[in-house]
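Participant: A predicted structure for the sequence below; I have some questions about it.
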Amino acid sequence: MTRAQSDVPSAAEAILRIGGLPFPAPSDDTSGWLVLADPDGPIDLPRLFPDIEVRVEQSSGAFDAALSQREPSLVVLIAPPAGPGDLERVAGWLTAHSRTSAVLLSAHQAVAVRLHALELGFDDAVDLSSDPMEVVGRLSIAGRRTPGAGRATGDRFPVGAGAELDLRARAIRRDGHLLSLRPKELALLEFLAHHPGRPFSREELLKNVWRGVPGNERMVDVYVFLLRTKIEPDPANPVHLLTVRGSGYLFDPPAVFGEHSSNVNEPPTQR
């Protein structure tokens, strides 16, 4: 256990003592949270979120049994002890239970595991060595977020007015036409769509999407431009794939009502 990990409970508790979390508390839900974790691990969620019913199971079998008996508002997997089978189990659960959100917490070096969780449809995947305020804050946000806000439903989900990302076809479907995507266009759009409303710097996108392949930040700009030509009604004035001054890029998904689309969030950005 690294020192950064073991600092998570103590630092977060200090925040609580000073005057509460710097984020709104998760909404109280009678279904509560279900966690797969080592009780002696780096973070004690029942203590950090005393106003939420947090049930912790320490084995995959007990976790699976608990999941089959209830519909938690938030599922949290902490790896270890959570393994690939647990991720697959939760991913299958999410496809049939739209009221549940899911978050994976894992060690700093487990980058591939976190990316895999996001690909499976988890709402967030957090590095346990991150700043303790960020770890607790992102759990708080996930606990009160509309479940599935960043999750694809089936093989298609909306990414713009009249535009859908078709994961099976690896393309954009727009007004009845299929627009092919380069592999990195697909990876970039899917990554941003799994984190709606959260800005990512060019450096972060190079790390998470290009995964260490040599490149420069201008390459990210080029791919964002290409995506805008495919999902935005007016690429010069984007409303979904936004530039956040000083932070990078953010995806603001459309909220679909009948045949009309609108933004989920008011753009907090300079375009």
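Facilitator: Great, that's in hand.
Participant: which stretches of the chain form strands?
Facilitator: With strands called from DSSP state E, the chain shows them at 33-36, 54-57, 74-79, 101-106, 124-127, 156-160, 163-166, 171-174, 177-180, 241-244, 248-251, 254-257, 260-263.
Participant: quick one: those as a markdown table, columns for mean pLDDT and distance to residue 67 too.
Facilitator: Glycine gets a C-beta too; all of them are placed from N, C-alpha and C. Below are the strands of the chain laid out as a markdown table (pLDDT from 0 to 100; distance: least, Cβ to Cβ, whole Å):
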| stretch | mean pLDDT | distance to residue 67 |
| --- | --- | --- |
| strand 33-36 | 91 | 6 |
| strand 54-57 | 91 | 9 |
| strand 74-79 | 92 | 7 |
| strand 101-106 | 91 | 11 |
| strand 124-127 | 87 | 18 |
| strand 156-160 | 81 | 24 |
| strand 163-166 | 85 | 28 |
| strand 171-174 | 84 | 34 |
| strand 177-180 | 82 | 37 |
| strand 241-244 | 90 | 35 |
| strand 248-251 | 90 | 29 |
| strand 254-257 | 56 | 29 |
| strand 260-263 | 42 | 34 |
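Participant: next, format these as CSV and append mean neighbour count and distance to residue 43.
Facilitator: Output for the strands of the chain, formatted as CSV (neighbours: other Cβ atoms under 10 Å; distance: least, Cβ to Cβ, whole Å):
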stretch, mean neighbour count, distance to residue 43
strand 33-36, 26, 10
strand 54-57, 18, 11
strand 74-79, 25, 7
strand 101-106, 26, 7
strand 124-127, 22, 10
strand 156-160, 20, 31
strand 163-166, 20, 33
strand 171-174, 18, 39
strand 177-180, 12, 43
strand 241-244, 21, 29
strand 248-251, 22, 28
strand 254-257, 14, 33
strand 260-263, 14, 34
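Participant: of those, which is nearest residue 220?
Facilitator: Closest to residue 220 of the strands of the chain is strand 248-251 (Cβ to Cβ; 7.5 Å).
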